[in-house]
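S.K.: I would like the atomic coordinates for the input below:
(one chain, ligands or ions: 1)
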Amino acid sequence: MIEVEGLGKRFVLHNQGGAVIEVMAGAHLRVGRGECVALTGASGAGKSTLMRMIHGNYRASEGRIVVAGVDVARAEPREIIRLRRERLGHVSQFLRVVPRVPAREVVAEPLLALGVGRDEALGRAGALMARLNIPEALWSLSPTTFSGGEQQRVNIARGFVHGFPVLLLDEPTASLDPANREVVLSLIAEAKARGAAILGIFHDAAARARVCDREVDVGAFAPARGAA
Ligand SMILES: Nc1ncnc2c1ncn2[C@@H]1O[C@H](COP(=O)(O)OP(=O)(O)OP(=O)(O)O)[C@@H](O)[C@H]1O
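M.R.: This is a model prediction of the structure:
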């Protein structure tokens, strides 16, 4: 479901005299159906950069990225948008929302975008929000004023509300209390059981050990070693 081969990334800082930062070379990984793979490596190794390239936000300098049959490294923006709507879910570390949109709408939005009826979409969103212990009194409010953990749970609900076949998770348990962390780990286990391919960054080693089948050390793709 996710296939990465010979992937390289360099940043050219045009506003800093054209300085070039080589972040990775020869990166490769595979995530199959029903598998959860953790990206590991020291701070600055390139975990977020690799996730962003797979999500289609950063352009690859070289190599191949195929996600659910789409060649992300070469796809047109409209193909990436369609991939994200239908097949590639993403739980980022921080919630970005349009102000004044109620939390339940934010969660239901991926279903509405797929053409699911409004009542069903809002019903499914509410059920997941209840499971994630987001108080019902907050559902009609914009999440901009929510606590860090509440925002993270809105973000998680949004990522899991549709059964995406591929999921990218960036620190999904980072600011959660033990009870909500358990809910998130159950959601990940359920997604695996229905066949989702999951790639994540988990600084929480115990969470990683619970739900991940394998680890990929991004440090192994440092350019000096990748080029050797
Ligand atoms: N947009 C960008 N422009 C220039 N350099 C970037 C950009 N994004 C990332 N980098 C550089 O790429 C390298 C890898 O960063 P990245 O955020 O991917 O690391 P990470 O492994 O996710 O780190 P952490 O665990 O600290 O979040 C860093 O040296 C960073 O400065």
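
S.K.: what's the average pLDDT for the longest helix along the chain?
M.R.: Counting residues, the longest helix found in the chain (DSSP state H) is helix 178-193. If you average the pLDDT over helix 178-193, you get 96.

S.K.: now what about it, what contacts it?
M.R.: The contact list for helix 178-193 (Cβ atoms under 8 Å, 6 or more residues apart in numbering) reads 34-36, 131-133, 149, 153, 156, 160, 163, 167, 169, 172-173, 176, 198, 204, 207, 210-211. Bear in mind the C-beta positions are built from the backbone N, C-alpha and C, glycine included.

S.K.: tell me which stretches of this structure form helices.
M.R.: Using DSSP H, helices in the chain cover 47-55, 77-86, 103-113, 118-131, 148-160, 178-193, 205-211, 223-227.

S.K.: check whether the first one contacts the ligand.
M.R.: Yes - against the ligand, helix 47-55 shows contacts by Cβ under 6 Å from any ligand atom at 47, 48, 49.

S.K.: the ligand contacts on the protein?
M.R.: So far as Cβ under 6 Å from any ligand atom goes, the chain lies against the ligand at 11, 21, 23, 41, 43, 44, 45, 46, 47, 48, 49.

S.K.: what subset of those is buried?
M.R.: Buried members of the residues of the chain next to the ligand, counted by 16 or more other Cβ atoms under 10 Å: 23, 41, 45, 46, 47, 48, 49.

S.K.: I'd guessed the last one sits against residue 23; true?
M.R.: When you say that, I think you mean residue 49. Yes - using Cβ atoms under 8 Å, residue 49 is in contact with residue 23, at 5.3 Å.

S.K.: so what sits against both of those two?
M.R.: What both residue 49 and residue 23 touch, as defined by Cβ under 8 Å, 6+ apart, is the set residue 9.

S.K.: could you report the neighbour count for the closest residue in space to residue 210 that isn't next to it in sequence?
M.R.: Of all residues not flanking residue 210 in the chain, residue 185 sits nearest, at 5.6 Å (Cβ to Cβ, 6 or more residues apart in numbering). Residue 185: 18 surrounding residues under other Cβ atoms under 10 Å.

S.K.: can you pull out the low-pLDDT segments for this protein?
M.R.: The chain contains residues with pLDDT under 70 at 225-228.

S.K.: how about the residues of the chain next to the ligand in TSV, adding distance to residue 67?
M.R.: TSV is the format used below for those (distance: Cβ to Cβ, whole Å):
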residue	distance to residue 67
11	22
21	25
23	20
41	21
43	26
44	25
45	21
46	18
47	17
48	17
49	16
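
S.K.: from the residues you listed, which land in strands?
M.R.: 11, 21, 23 (DSSP state E).

S.K.: the first one bridge partners, please.
M.R.: The reference is to residue 11. residue 21 (DSSP bridges).

S.K.: quick one, what contacts it?
M.R.: 20, 21, 23.

S.K.: test my guess that the last one contacts residue 7.
M.R.: No - when contacts are counted by Cβ under 8 Å, residue 23 is not listed as touching residue 7 (10.3 Å).
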